[in-house]
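Novice: Have a look; sequence and predicted model below, questions after that.
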Amino acid sequence: MKKKVKENYEQLAQRTGLRLDETGGALYGTHGEYSVLVYPANPSYPYILTAAVSAVRDAGPLTGDEIRQFKKDNAPVTGLGQNGYVVTMSLKGVKNQEVVRENLVSGLNALTAFLRLHGYRSCCQTCGRDIKIAPRYVSGSYALMCQECYAQLQQNKTLVQAQKQQKSENVVGGIVGALLGTLVGVACIILISRLGYVAAWSGIIMAVCTLKGYELLGGKLSKKGTVLSVILMMIMTYVGDRADWAIVVARELETDVITAFQIVPALLEQQIINESSYWGNLVLLYFFLLVGAVPMIFSIIKNQKKAGQTYSLGEEV
């Protein structure tokens, strides 16, 4: 977590009586008689919060009328829903941290009072039994589970990880996938340039499609796969930019694109093509390639680490 976000979350925890899990970036604990999880639906927007409670009632899931009335009675609430045994409440995103804290406190009070009034009792979100549960962190997401379901999940997860480790990386397939991804990037370079814009997004698209292409056809994205993908990106970005110039040359000299592609270096030497424009555009493309590739690579590494993490938070209640 970023330092400022962590400080604000610590204040949220203090105000609500919950605890902060710094690894996953969520608040957890007991509010009223219910185990509660509070987390951002999208980590990029840490102050648009969602609260989750695992609960069940004999009358069945929430009704549309109940949801509409709850939102009407609680201004900070933007959404209320139920998926299986999990009831979630979404809160408005605001910049003022004092308002964020006030909204969360009032929202949690309203949610737990609502659940109590409508006959909801705490349960395991997996099996639905009225049994002691605890918040768990499982491969990048949170759950309110009983010990039995958690143990079964850990066993299944261990089996899946063993199967992944046994699965070898298909380097040839990965290279093919990455190459197909670079072709999408090349097409974007040419298309966006034809529209008269600096092909900023094409560099980002090139990075994302290349890495994803390798991962899809290669089975997984290893360090070797990342290096190979980056090399392909660099080469094909140059090819795409040169092909873009070749289209311009072919139109001006009334020749075919292949011939125009071949004579681009000669036209640069003769200064028929402006060198500053040519190299400046290429540098911009490489810059935006980095803008797309670096966050993507770090995101993949981060997700791979999260996929191996499983732990319990707090005691069962």
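Specialist: Everything's here; your move.

Novice: use CA for all of it now, contacts and neighbours both
Specialist: OK.

Novice: Give me the residues contacting whichever strand or helix holds residue 104.
Specialist: Using DSSP states H and E, residue 104 sits in helix 97-117. If you take CA atoms under 8 Å, 6 or more residues apart in numbering as the criterion, helix 97-117 is touched by 8, 11-12, 15-16, 31-32, 34, 47, 51, 74, 76-77, 89, 91, 93-94, 121.

Novice: try stretch 242-258
Specialist: With CA under 8 Å, 6+ apart as the test, stretch 242-258 has contacts from 189, 190, 193, 259, 260, 261, 264.

Novice: Out of those residues, grab the one that's most surrounded.
Specialist: Counting neighbours by other CA atoms under 10 Å, residue 189 comes out on top of the contacts of stretch 242-258 with 27 neighbours.

Novice: Give me the neighbour count for residue 93.
Specialist: For residue 93, using other CA under 10 Å, the count is 18.

Novice: so residue 20 bridges to which residues?
Specialist: As for beta bridges, residue 20 partners with residue 27 under DSSP bridges.

Novice: ok, it to residue 114 distance?
Specialist: 25 Å (CA to CA, to the nearest Å).

Novice: Who has more neighbours out of these two?
Specialist: Using other CA under 10 Å, the more surrounded residue of residue 20 and residue 114 is residue 20, with 21 against 14.

Novice: quick one, what contacts that one?
Specialist: 9, 10, 13, 26, 27, 28.

Novice: neighbours around the closest residue to residue 85 other than its chain neighbours, how many?
Specialist: Spatial nearest neighbour of residue 85, excluding adjacent residues (CA to CA, 6 or more residues apart in numbering): residue 125 at 5.0 Å. Neighbours of residue 125 under the rule other CA under 10 Å: 23.

Novice: Enumerate every residue touching residue 125.
Specialist: Applying CA under 8 Å, 6+ apart, the residues contacting residue 125 are 54, 55, 84, 85, 86, 143, 144, 145.

Novice: In a strand, it, correct?
Specialist: No. Read with DSSP: H, G, I helix; E, B strand; the rest coil, residue 125 is coil and lies in no strand.

Novice: Do you know the pLDDT at it?
Specialist: Per-residue pLDDT puts residue 125 at 95.

Novice: what's the distance between it and residue 52?
Specialist: 10 Å.

Novice: Now list whatever residues contact both of the two.
Specialist: residue 86.

Novice: low-confidence ranges in this structure?
Specialist: Residue ranges of the chain with pLDDT under 70: 158-167, 196-200, 304-308, 315-317.

Novice: for it, what's the longest helix?
Specialist: helix 275-307 (DSSP state H).

Novice: Could you measure from the residue located most distally from the centre of the chain over to residue 263?
Specialist: Distance from the centre of the chain peaks at residue 270, with 48.0 Å (CA atoms, centre = their mean). In this view, residue 270 and residue 263 are 11 Å apart by CA to CA.

Novice: repeat for residue 120
Specialist: Between residue 120 and residue 263 the computed distance is 75 Å (CA to CA).

Novice: Look at those two and report which has more neighbours.
Specialist: Here residue 120 and residue 263 are set side by side on neighbour count (other CA under 10 Å), and the busier one is residue 120, at 20 against 13.

Novice: what about that one, distance to residue 65?
Specialist: Separation of residue 120 from residue 65 (CA to CA): 17 Å.

Novice: again with residue 141
Specialist: Residue 141 is 30 Å from residue 65, by CA to CA.

Novice: Looking at these two, which one has more neighbours?
Specialist: residue 141 (14 against 8).

Novice: tell me the SS of the closest residue to the more buried one other than its chain neighbours?
Specialist: Spatial nearest neighbour of residue 141, chain neighbours left out: residue 24 (7.8 Å); criterion: CA to CA, 6+ apart. Three-state call for residue 24 (three-state DSSP): coil.

Novice: Hmm, residue 24 is touching residue 140, no?
Specialist: Yes. Assessed by CA atoms under 8 Å, residue 24 is found in contact with residue 140 at 7.0 Å.

Novice: Okay, helices next: where are they in the stretch 101-250 of the chain?
Specialist: For the stretch 101-250 of the chain, the helices defined by DSSP state H, counting those that start in this stretch cover 147-166, 171-194, 200-218, 223-253.

Novice: quick one: the second one to helix 275-307, angle?
Specialist: Going back to what we said before, that points to helix 171-194. Taking axes from the mean of the first three to the mean of the last three CA atoms, to 10 degrees, one finds helix 171-194 and helix 275-307 inclined to each other by 140 degrees.
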